[in-house]
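Peer 1: Attaching a predicted model along with its sequence, questions to come.
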Amino acid sequence: MCRLFDEWTPQIQTYCKKNNLSFEKAKKMSQCWSKNDIILQYYDKNNTNTLGLKDETPMPIVLKIMKTNEGLMFEQTEYTHKYLASN
């Protein structure tokens, strides 16, 4: 898990709770990050494709989290509720 996710855990938990999203699912997702943002992506562990790196199918972006001067900003995508919905 990236350092930013660890630092931002309380805010991410609060956001997930307010938006009926699963924080447990969020923390297990693939993460891409830079200095001021985190992108959570869905990785299908059951994908039986044997092409390895030749399979250039991108992982769907599920949630974007960006640090701004006003605090954290969250941006949902069309995949957010599909992969992060609370059960």
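Peer 2: Cool, the structure landed.
Peer 1: which residue ranges form the helices in this protein?
Peer 2: Per DSSP state H, the chain carries helices over the ranges 3-18, 23-28, 80-84.
Peer 1: Identify, out of those, the most deeply packed stretch.
Peer 2: Stretch with highest mean neighbour count among the helices of the chain: helix 80-84 (a mean of 18; mean count of other Cβ atoms under 10 Å). Quick note: C-beta positions are derived from backbone N, CA and C, even for glycine.
Peer 1: Need the contact partners of that helix.
Peer 2: With contact meaning Cβ atoms under 8 Å, 6 or more residues apart in numbering, helix 80-84 is reached by 16, 21, 22, 25, 26, 29, 40, 42, 60, 62, 63.
Peer 1: ok, the fifth one to residue 45 distance?
Peer 2: In this case it means residue 26. 16 Å (Cβ to Cβ, to the nearest Å).
Peer 1: now the third one
Peer 2: Residue 22 sits at a distance of 17 Å from residue 45 (criterion: Cβ to Cβ).
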